[in-house]
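> sequence? don't have it. structure:
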């Protein structure tokens, strides 16, 4: 190789980085760049004609990591004496507008119970600048963060055949991990009254068709709670207090906090946390099914 010639591996690395940037930029031409997993709405098709109660869980990667495979949760419910079909519909980093197709698809079914991650109604994506107003450096950096930085979580998605979320977490998350989490939080905004109205209208529509709808708290780690922005935390407290005044809006939250060892990172439960969360959630689902007459709105 002559002096000044670049080694082949450097050309290969440059090509790979360029491909990652282009893939990230192409993922969202409207300007909100995020990594999404498939909704897998086809899972609902396999339960549409069965007679046992359908339990649908809708949420973000917190639901993917915190609640086991469909058949795993169904087995826990069966062990408590109730037969149910469980379907999780999730998308990474989702807020309500990302999951509209799921609600539209549910309109054609009659699920007995719909459990919804409460963050969907509490938060929304902040409006980011249009791509043409963002420098190429910022666009490339955001695309690389999506392509690589957000791949830390191995999603608990049986359709894609991926492994469950992380097996464990260090006693204290690194400064880099906390910085990445705070950066992700910076892209969240408080939901508006219009956002909440659209979401709650969907829930009301499900209830008129006989479903029982419940908001569930899929918890963050103690480390995450310590750095969670007060602007979002105070909004959550006000909104949940407002929802509590409506008898049609139910909410469930674990009675005690889980230890940091139950989390794969700042915001997602690991295998230990998933066991703890499902041990709490399964009896709640059984109680809700038993106290809701089939086909009757609460």
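Received it, and whenever you're ready, just let me know what you need. Here the structure is a predicted model, which means the values were calculated and not measured.

> ok, residues contacting the strand or helix carrying residue 204?
In the assignment (DSSP states H and E), residue 204 maps to helix 193-208. Identification of contacts with helix 193-208 by C-beta atoms under 8 Å, 6 or more residues apart in numbering yields 96-97, 103, 106-107, 111, 114, 116, 120-121, 124, 191, 213, 239, 243, 248-249, 297-298. Every residue, glycine included, has its C-beta placed from N, CA and C.

> and it, what's its mean pLDDT?
Mean pLDDT, computed over helix 193-208, is 85.

> out of the contacts of helix 193-208, which are buried?
96, 103, 106, 111, 114, 116, 120-121, 124, 191, 213, 239, 243, 249 (16 or more other C-beta atoms under 10 Å).

> between the residues you listed, which is closest to residue 180?
Nearest to residue 180, judged by C-beta to C-beta, of those is residue 124 at 20.7 Å.

> What is the one helix or strand that closest one maps to packed up against?
Using DSSP H and E, residue 124 sits in strand 123-125. Packing contacts for strand 123-125, counted by 3 or more C-beta pairs under 8 Å, 6 or more residues apart in numbering; DSSP states H and E, involve strand 188-190.

> Pull up the pairing partners for the strand it packs on, direction included.
With DSSP bridges as the test, strand 188-190 is paired with strand 123-125 (antiparallel).

> all helices in the stretch 101-250 of the chain, in order from the N-terminus.
119-122, 136-147, 175-185, 193-208, 222-227, 230-244 (DSSP state H, counting those that start in this stretch).

> Now tell me what touches the helix or strand that comes right after the last one from outside.
If you walk from helix 230-244 toward the C-terminus, the next helix or strand you reach (DSSP H and E) is strand 250-252. Surrounding strand 250-252, the residues in contact under the criterion C-beta under 8 Å, 6+ apart are 115, 118, 212-217, 240, 243-244, 281, 284, 298.

> Just the buried ones from the residues you listed?
Buried subset of the contacts of strand 250-252 (neighbour count, 16+ other C-beta under 10 Å): 115, 118, 212-216, 240, 243, 281.

> So which of those residues sits lowest on pLDDT?
residue 243 (84).

> Output the buried ones among the contacts of helix 193-208 in CSV, with distance to residue 197 appended to each entry.
Listed next are the buried ones among the contacts of helix 193-208 as CSV, based on distance: C-beta to C-beta, whole Å:
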residue, distance to residue 197
96, 11
103, 14
106, 18
111, 22
114, 18
116, 15
120, 14
121, 10
124, 13
191, 10
213, 15
239, 12
243, 12
249, 13
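
> Relative to residue 182, which of the residues you listed is nearest.
residue 124 (18.1 Å).

> all strands for the stretch 51-200 of the chain, in order.
54-59, 85-90, 113-117, 123-125, 188-190 (DSSP state E, counting those that start in this stretch).

> Now render those strands as CSV, adding distance to residue 230.
Compiled in CSV, the strands of the stretch 51-200 of the chain are given as follows (distance: least, C-beta to C-beta, whole Å):
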stretch, distance to residue 230
strand 54-59, 24
strand 85-90, 28
strand 113-117, 21
strand 123-125, 14
strand 188-190, 11
